[in-house]
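In: can't give you the sequence, but here's the structure:
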């Protein structure tokens, strides 16, 4: 697990948005999504759950 992955995860939770978190971290939305997927794979869990209107962490 990389420190930047944890930073990205916390920023997503704070912003309630992958797009806003990516902007705050100065990376693309696809890059932040890939980092979260990598974190989830390493931990063996899904960290963020989505439905049609909301996400849950």
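Out: Alright, I've got the coordinates. Keep in mind that this is a model prediction, so the values were computed, not measured.

In: tell me the mean pLDDT over the helix or strand encompassing residue 19?
Out: When elements are defined using DSSP states H and E, residue 19 is found to belong to helix 18-25. Across helix 18-25, the average pLDDT comes to 96.

In: okay, angle between the next helix or strand after it and helix 18-25 too, please.
Out: For helix 18-25, the succeeding helix or strand toward the C-terminus, using DSSP H and E, is helix 29-43. Here helix 29-43 points in a direction 100 degrees away from that of helix 18-25 (axes from the mean of the first three to the mean of the last three Cα atoms, to 10 degrees).

In: any buried residues in helix 29-43, and which?
Out: Counting neighbours by 16 or more other Cβ atoms under 10 Å, one finds that the buried residues in helix 29-43 are 32, 33, 35, 36, 39. Every C-beta, even on glycine, is put in place using the N, C-alpha and C of the backbone.

In: contacting residues for the third one?
Out: What it means is residue 35. Under the criterion of Cβ atoms under 8 Å, 6 or more residues apart in numbering, the contact list for residue 35 reads 2, 4, 5, 8.

In: repeat for the fourth one
Out: Applying Cβ under 8 Å, 6+ apart to residue 36 gives the contacts 5, 8, 9, 12, 18, 47, 48.

In: rerun that using 7 Å as the cut-off
Out: For residue 36, the contact set (Cβ atoms under 7 Å, 6 or more residues apart in numbering) comprises 8, 9, 12, 47, 48.

In: now the second one
Out: Contact criterion Cβ under 7 Å, 6+ apart gives residue 18 as the residues in contact with residue 33.
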